[in-house]
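J.: With the sequence up front, the predicted model follows.
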Amino acid sequence: MIDRLPATPSSKMRRAPSSTPGVPRQEEKIFVTVRLRPLSRREQALYDLIAWECTDDNTIVYKNPNQERGAASYVFDKVFGPTSSTYMVYEEGTKDVALSVLKGINSTIFAYGQTSSGKTYTMRGITENAIKDIYEHIKENPERDFVLKVSALEIYNETVADLLNHDSGPLRLLDDPEKGTIVEKLVEVVVKDSQHLQHLISLCEAQRQIGETSLNDKSSRSHQIIRLMVESSLRENSECVKSFIASLNLVDLAGSERACQTNAGGTRLKEGSHINRSLLTLTNVIRKLSVGRRSGHIPYRDSKLTRILQPSLGGNARTAIICTMSPALSHIEQSKNTLSFATSAKEVTNTAQVNMFISEKKLVKRLQKEVARLEAELRSPDLSSSSRLTTLLREKEMKIQEMEREMRELKRQRDLAQSQLEVERTQHKELKGLNQDGPSSQVVRCLSFPVEMEARPGSSTPVTRPRNAFGGHSTLRQSVTSTDPSMLVHEIRKIEERQRQLGEEANRAIEILHKEIASHRLGSQEAAENIAKLLSEIKDMKVVNSIPEGIKIGETANLQEEILRLNSQENSIALLERKLECVQESIDKLVSSFQASAESPDDKTQLKKKRSHPFSLSNSPNIQQIIRSPCSPMSSSRKVMDFETENKAPDGNVYVPSSEKNNGSKKYVSSREGTPTLGKSGSVNVKKMQKMFKNAAEENIRSIKAYVTELKERVAKLQYQKQLLVCQVLELETNGTTMDGADIVEQSPQPWPLIFEEQRKQIIMFWHLCHVSIVHRTQFYLLFRGDPSDQIYLEVELRRLTWLEQHLAELGNASPALLGDEPAGSVTSSIKALKQEREYLAKRVSSKLSAEERDMLYVKWEIPPVGKQRRLQLVNRLWTDPYNLQHVEESAEIVAKLVGFCESGEHVSKEMFQLNFVSPNDKKSWLGWNLISNLLHL
Ligand SMILES: Nc1ncnc2c1ncn2[C@@H]1O[C@H](COP(=O)(O)OP(=O)(O)OP(=O)(O)O)[C@@H](O)[C@H]1O
């Protein structure tokens with residue numbers, strides 16, 4: 001724990017750079033106060049004059065009573081006049097520093113001044129108050145243990161003596177590399193309480209060298225240092241082993257004196273010269289320190305006093321100096337010297353820090369406690385292990401119960417699946433029995449199954465499965481797993497029905513678009529051309545999109561025929577899709593040409609355009625119907641609501657004074673902001689109207705665009721559903737030629753995440769076997785991550801790959817990798833294509849990956865540091881291990897970066913993802929479907 005340092009006047013404080021990690025240091029200047037005593041009886045008797053005055057708490061002024069001239073003033077941290085009590089001096093000048101010792105910070109308080117100026121008088125009071133406060137603090141902090149030790153010494157004639165052990169004789173000073181200067185054999189007494197301490201201090205005083213001078217009856221002839229060591233730590237039961245330790249030095253210096261003033265001779269003269277010499281060293285040290293440590297050598301070693309006080313002078317301590325002064329004019333020179341010393345002292349900076357140490361005693365106790373605890377644990381091992389075993393057993397039991405429950409559920413599901421399979425087998429055998437003409441006609445016979453069997457009473461064929469409406473994925477999945485040909489035919493028809501509805505919807509949209517555009521005939525040539533083009537495209541679309549309604553589900557259905565028919569329709573679907581794209585492009589052009597014309601600065605042209613193309617939405621009443629259409633992405637948006645409200649006829653007009661002062665006419669505007677209406681004067685805000693019309697038209701076209709996009713996506717979805725059906729037909733055909741009913745895949749119901757993992761593993765394996773483009777693998781892998789809606793895509797991909805793999809095995813030389821472009825290619829060419837793709841990706845390594853990323857990948861993928869074509873080596877290692885899922889994941893990440901699959905920011909719609917083996921960036925549409933048809937050779 002690190003305690004905050006005691007408060008210090010902010011003017012004196014600044015943070016030190018943290019040089020000692022873990023221990024806070026604080027730079028702080030010495031706190032300097034001046035105390036001016038009253039005139040002594042002796043001075044009064046001599047009619048001495050008062051030469052000093054404390055003008056405020058910080059300023060002392062010299063006023064020469066004999067001269068009228070101006071006075072010199074000195075400013076310090078605190079100045080105490082003759083009426084100030086010692087308590088006040090303690091409270092305001094030294095208490096804060098003194099009590100730092102309780103928080104682990106060394107502190108020193110000393111009094112400096114000429115002889116008889118009041119040093120001893122002041123220090124005595126300060127010591128008393130400090131002791132009182134220290135014990136008060138100890139009382140208020142019972143959670144801490146405090147240990148106080150006291151030692152005392154005097155330096156008399158440059159000899160150090162122990163004031164608590166008078167018989168010890170002169171003591172030596174030793175230099176300790178860690179502790180600094182120490183006084184050898186100095187007795188340290190453990191203090192019992194405050195009285196004990198007071199008593200010890202009084203003993204010291206009694207031992208101190210005192211002599212009578214002409215200035216002071218009891219003049220201190222030595223420097224006295226009382227050192228109080230304070231150790232504190234948290235009490236026994238605490239886990240904290242850290243303790244504070246610090247010392248408080250209470251220093252009463254001997255007074256500087258002038259022999260002429262003290263009338264000293266003999267012993268006193270000798271004492272005086274020693275005193276003055278050591279005080280001179282102290283002054284030199286202070287002066288040097290005051291101009292900064294860079295000023296060079298600091299002469300600490302020139303006196304014992306400065307050696308001992310070294311840490312307090314610019315070192316690890318907080319220091320307060322009280323400079324005592326006589327107010328007498330007769331001592332003016334000495335007083336000025338004192339103030340000069342004080343002025344230097346206030347510039348000296350100390351660096352105090354909290355002194356912490358690890359209490360060995362506490363550490364030992366804590367370790368002993370820990371050992372005892374461990375021993376106790378060791379002594380009763382059975383207890384702990386048995387309770388652990390019980391917990392483990394309970395956990396195991398719960399697991400077993402859970403597994404049993406799962407087994408029961410699995411059994412139930414298996415029985416259900418088996419009974420379903422039985423039904424399937426019976427059905428299949430019956431169908432097989434109808435056809436004896438070989439594999440292909442077998443399929444035809446299968447497909448000749450009556451479509452609406454339930455509707456035919458008296459039918460001999462049992463119908464066990466209810467015919468669901470063909471709607472969402474769940475129904476589709478059910479149909480996928482069933483592989484019932486009649487269901488397939490039924491589903492194909494349902495899809496067609498949906499497709500037809502979609503077509504109708506598209507036609508309606510296009511018609512409205514047509515009307516809309518017809519009502520907005522633009523004036524410019526370019527726009528007119530655009531419109532003409534758009535109209536012809538729309539016309540084309542209507543032709544293309546008219547999917548024959550006449551095809552009715554006949555008495556019998558043939559899957560082969562169905563596929564042929566689907567295949568022929570496919571062209572029209574692809575055409576529809578392309579046309580939708582053309583319409584979109586035209587709309588884009590229309591918008592841009594309209595914007596260009598609207599931005600024209602020519603007001604006349606604007607007006608002309610406005611007149612000829614009033615973009616009034618009232619011209620297209622059906623547009624709201626489109627927007628409200630359940631298929632429209634705008635159907636529920638707040639935008640539509642605003643749009644409707646914004647454009648309807650205003651409820652009432654509000655009079656607004658016109659700002660156009662040129663005609664001073666009054667103008668009426670709609671109560672709705674921005675919707676103009678004709679004013680009584682007939683003036684129209686043309687620009688405003690143009691802007692409004694432009695916004696409305698743009699909004700309209702945006703809605704249509706969104707709607708066209710949605711149509712495209714829905715067409716794409718239908719395509720996938722169809723693809724899935726075709727795959728089923730293929731599978732059925734293959735099964736029909738090679739297997740009997742027993743070979744129909746028995747699927748145990750599994751949770752989707754497991755199915756997903758399984759299918760994805762298979763797909764990865766097929767990709768590898770079929771040398772599929774690694775860009776395709778990456779895109780598919782990253783797009784389909786196990787969402788339940790991914791089922792259909794995985795199903796299609798898996799079926800296609802299964803079929804392709806079989807197909808390759810049969811042909812021995814087909815090309816799965818180039819399915820989109822070369823349906824009849826060879827394995828060799830697909831390998832070649834893959835190689836080219838890798839070379840292409842290798843070229844992107846430098847531009848798409850940073851040098852750092854490259855280096856990291858080279859290391860990770862173990863590409864030798866020297867060697868040619870490191871980039872190609874890296875790419876060649878991608879997607880090479882289908883068994884290692886981490887390898888697959890990492891390969892996908894790298895390829896995605898190389899092709900910018902992730903960074904493009906574009907939303908890659910799953911529905912729009914084409915299951916052909918080319919990049920989705922390739923603009924070709926529906927190649928996947930064409931490919932399947934081609935492979936079917938239909
Ligand atoms: N602030 C004060 N108010 C009243 N009397 C004071 C004050 N300061 C000092 N005295 C008196 O002045 C006399 C000299 O004081 P003191 O002995 O403390 O001086 P000193 O600086 O320690 O002298 P020396 O250096 O010679 O030891 C004492 O009689 C003391 O009582």
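T.: Perfect, thanks for sending it.

J.: For the helix or strand where Asn350 lies, which strands pair with it and how are they oriented?
T.: Asn350 belongs to strand 349-353 when elements are defined using DSSP states H and E. Here the strand partners of strand 349-353, with direction, are listed using DSSP bridges: strand 25-29 (antiparallel).

J.: Is the ligand within reach of whichever helix or strand comes after the strand it pairs with?
T.: Downstream of strand 25-29, the first helix or strand assigned by DSSP H and E is strand 31-36. No: legend: contact between strand 31-36 and the ligand by CB under 6 Å from any ligand atom is lacking; minimum distance shown is 6.6 Å. Glycine gets a C-beta too; all of them are placed from N, C-alpha and C.

J.: Can you name the residues in contact with the helix or strand just after strand 31-36?
T.: Once the chain leaves strand 31-36, the next helix or strand it forms, by DSSP H and E, is helix 41-45. Helix 41-45 is contacted from outside by Leu215, Ser326, Ala328, Ser330, using CB atoms under 8 Å, 6 or more residues apart in numbering.

J.: Of the residues you listed, which is the most crowded?
T.: Ser326 (28 neighbours; other CB atoms under 10 Å).

J.: can you give me the strands for the stretch 801-938 of the chain?
T.: The residue ranges that make up strands in the stretch 801-938 of the chain, judged by DSSP state E, counting those that start in this stretch, are empty, as it has none.

J.: count of neighbours near the residue of it found nearest the ligand?
T.: Closest residue of the stretch 801-938 of the chain to the ligand, CB to the nearest ligand atom: Glu852 (73.3 Å). Glu852: 8 surrounding residues under other CB under 10 Å.

J.: what's near enough to touch it?
T.: Counting by CB under 8 Å, 6+ apart, Glu852 has no contacts.

J.: Next one: it from Val859, what distance?
T.: Spatial separation of Glu852 from Val859 under the definition CB to CB, to the nearest Å is 11 Å.

J.: Would you mind listing what in the stretch 1-150 of the chain touches the ligand?
T.: Proximity of the stretch 1-150 of the chain to the ligand, by CB under 6 Å from any ligand atom, involves residues Arg37, Pro38, Ser40, Gly113, Thr115, Ser116, Ser117, Gly118, Lys119, Thr120, Tyr121.

J.: Please convert the buried members of these into ChimeraX selection syntax.
T.: Paste this into ChimeraX to select the buried members of these, with burial taken from 16 or more other CB atoms under 10 Å:
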select :37,40,113,115,116,117,118,119,120,121
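
J.: Now render the residues of the stretch 1-150 of the chain next to the ligand as JSON lines, adding secondary structure and pLDDT.
T.: Conversion of these to JSON lines gives the following (DSSP: H, G, I helix; E, B strand; the rest coil; pLDDT from 0 to 100):
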{"residue": "Arg37", "secondary structure": "coil", "pLDDT": "95"}
{"residue": "Pro38", "secondary structure": "coil", "pLDDT": "95"}
{"residue": "Ser40", "secondary structure": "coil", "pLDDT": "92"}
{"residue": "Gly113", "secondary structure": "strand", "pLDDT": "93"}
{"residue": "Thr115", "secondary structure": "coil", "pLDDT": "89"}
{"residue": "Ser116", "secondary structure": "coil", "pLDDT": "90"}
{"residue": "Ser117", "secondary structure": "coil", "pLDDT": "94"}
{"residue": "Gly118", "secondary structure": "coil", "pLDDT": "94"}
{"residue": "Lys119", "secondary structure": "helix", "pLDDT": "94"}
{"residue": "Thr120", "secondary structure": "helix", "pLDDT": "94"}
{"residue": "Tyr121", "secondary structure": "helix", "pLDDT": "95"}
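
J.: and which of the residues of the stretch 1-150 of the chain next to the ligand is nearest Gly900?
T.: Lowest distance from Gly900 to those (CB to CB) belongs to Gly113, with 83.3 Å.

J.: from what I can see that closest one touches Ala342, true?
T.: No: counting by CB atoms under 8 Å, Gly113 stays clear of Ala342, with 9.2 Å between them.

J.: which residues does whatever residue of the stretch 101-250 of the chain ends up closest to the ligand contact?
T.: Taking CB to the nearest ligand atom as the measure, the point where the stretch 101-250 of the chain comes nearest the ligand is Gly118, at 2.7 Å. When contacts are counted by CB under 8 Å, 6+ apart, Gly118 is found next to Arg35, Arg37, Ala111, Thr324, Ser326.

J.: Residues that sit against both of Gly113 and Ala342, list them.
T.: When CB under 8 Å, 6+ apart defines a contact, the residues bordering Gly113 and Ala342 alike are Cys323.

J.: burial measure for Ile358, as a count.
T.: Number of residues near Ile358 (other CB under 10 Å) recorded here: 11.

J.: Assess the claim that it and Phe244 are in contact.
T.: No: counting by CB under 8 Å, Ile358 does not reach Phe244; the two are 11.6 Å apart.

J.: buried sites along the host helix or strand of Ser273?
T.: The secondary structure element spanning Ser273 is helix 266-290 (assigned by DSSP H and E). For helix 266-290, burial by neighbour count (16+ other CB under 10 Å) applies to 268, 271-272, 274-276, 278-279, 281-290.

J.: How about the residues of the stretch 201-350 of the chain by the ligand?
T.: The stretch 201-350 of the chain has residues Asn216, Lys218, Ser219, Ser220, Ala254, Gly255, Thr324 near the ligand, with proximity defined as CB under 6 Å from any ligand atom.
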